[in-house]
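**Student:** following is a predicted model, sequence given first.
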Amino acid sequence: MAPRVLTIGNLWPPAGAGGYERIWVAAVDALRAAGSEVRVLTSNAPVPAAADDAVRELRWYSRDGAWLRPGVLGAWGIERHNARVLERELRGFAPDVVLFFAMGGLSLSLVERVDVPAVGVVGDGWMIYGPDADAWMRLRRRRPRLEHVHWLFISQAARERAGADLPHTGIAHPGVDPAAFPRAPERPWGWRLALVGRSAPEKGVDVALAALAQLPEAMLVMDAPGEHAPVERVEFRRSAPGAVARTYADADAVLFPVTWNEPWGLVPLEAMSVGRPVVATATGGAAEYLRDGVNALVVEPGDPGALASAVRRLAADPQLRARLRAGGFETAARYTEAGFCATVVDAVTAAAAPR
């Protein structure tokens, strides 16, 4: 019999729409498809009127993009409220397993309070910044106890970054659903570039714009949430998650100029699945699958000149573009959403098995 699963994390869509949220939704869908009843417990981050049944009651140590800094009484009030909500769900829903996703800004005591088997998926650095974002942990100057959970990290880089001596860990690489990112026909070079994802500084937006200034023939499509001031030769889009494949297909090359240690990076894999060459910085987890000249052109972070030069190489060399297209198809086929979800489902099922 499939286990009952209570899953906990900070941003369940539509409150968030990044890679972490997307793989969380995919894992929940897979668990439900395997027969599990799954209940989602998440933060009270503002969302439009939602038709889903997520329980959006956990108080979050975040407001308007900044971490809250309540005093002792304020933090204690948040902790008491979140503890009561968790206790109600543990007793009322009675899960066989708890599945944690992003916990940044949530009460990390929630992890400690779980009294049933637990699995967690770590897709960013919350194990590092979380104890400071959690005002109660920060005020008490201690870190949460995490040893009882089986943690799945989305990359070896993410596991090493956590730096925690945890006894039960594994790797679950996120990947691409080929039905959502189908192969597009090859296209003649037309100097059309794409940048997909959050327009945050660590995503290298400024680097891409500086490279564009060195490529007067090119135009850049930025498919990113939020409002943007007009920029010459930049087209802004805000595609729904199911429509972003069109942005890749419309491009001659996809840029991934991140300047931080990316935990994994789905954008290059999505572009590869569609069949578009990628120019990327191989930082963090992305270095585990990006291969210069095989499935991407790899450049140094923060170097607009190198980014522009790599784009010019692609423009001048159809054979290089074809080689990267073939290598990208092979890479995307190795890292699939189905494979990631199977790893999570297996871990949850194993955690629920009688001992």
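**Tutor:** That came through, no problem.
**Student:** which residues in the stretch 201-350 of the chain form strands?
**Tutor:** Applying DSSP state E, counting those that start in this stretch to the stretch 201-350 of the chain gives strands spanning 219-223, 234-237, 253-256, 278-280, 297-298.
**Student:** right, so of those, which gets closest to residue 102?
**Tutor:** Minimum separation from residue 102 across the strands of the stretch 201-350 of the chain (C-beta to C-beta) falls at strand 253-256, 21.4 Å. Using the backbone N, CA and C atoms, a C-beta is placed for each residue, glycine as well.
**Student:** from the chain's centre, how far out does that closest one sit?
**Tutor:** Between the centre of strand 253-256 and the centre of its chain there are 18 Å (C-alpha atoms, centre = their mean, to the nearest Å).
**Student:** cool, and stretch 118-125?
**Tutor:** The gap between where stretch 118-125 is centred and where its chain is centred comes out at 11 Å by C-alpha atoms, centre = their mean.
**Student:** for it, give the mean pLDDT please.
**Tutor:** In this model, stretch 118-125 has an average pLDDT of 96.
**Student:** which residues touch it?
**Tutor:** Where contact means C-beta atoms under 8 Å, 6 or more residues apart in numbering, the residues beyond stretch 118-125 that reach it are 19-20, 23-24, 27, 97-104, 111, 146, 148-154, 158-159, 161-162, 172, 174, 263-264, 344, 347-348, 351.
**Student:** please apply the same query to stretch 39-49.
**Tutor:** Residues outside stretch 39-49 that contact it (C-beta under 8 Å, 6+ apart): 4-12, 14-16, 28, 52-60, 62, 85-86, 89, 93, 95, 105-106.
**Student:** ok, of these, which come out buried?
**Tutor:** 4-12, 15-16, 28, 54-60, 62, 85-86, 89, 95, 105-106 (16 or more other C-beta atoms under 10 Å).
**Student:** and the residues you listed, which of them are in strands?
**Tutor:** Judged by DSSP state E, strands contain the following of these: 5-8, 55-58, 62.
**Student:** which of the residues you listed sits closest to residue 134?
**Tutor:** Among these, and counting by C-beta to C-beta, the member closest to residue 134 is residue 62, at 10.6 Å.
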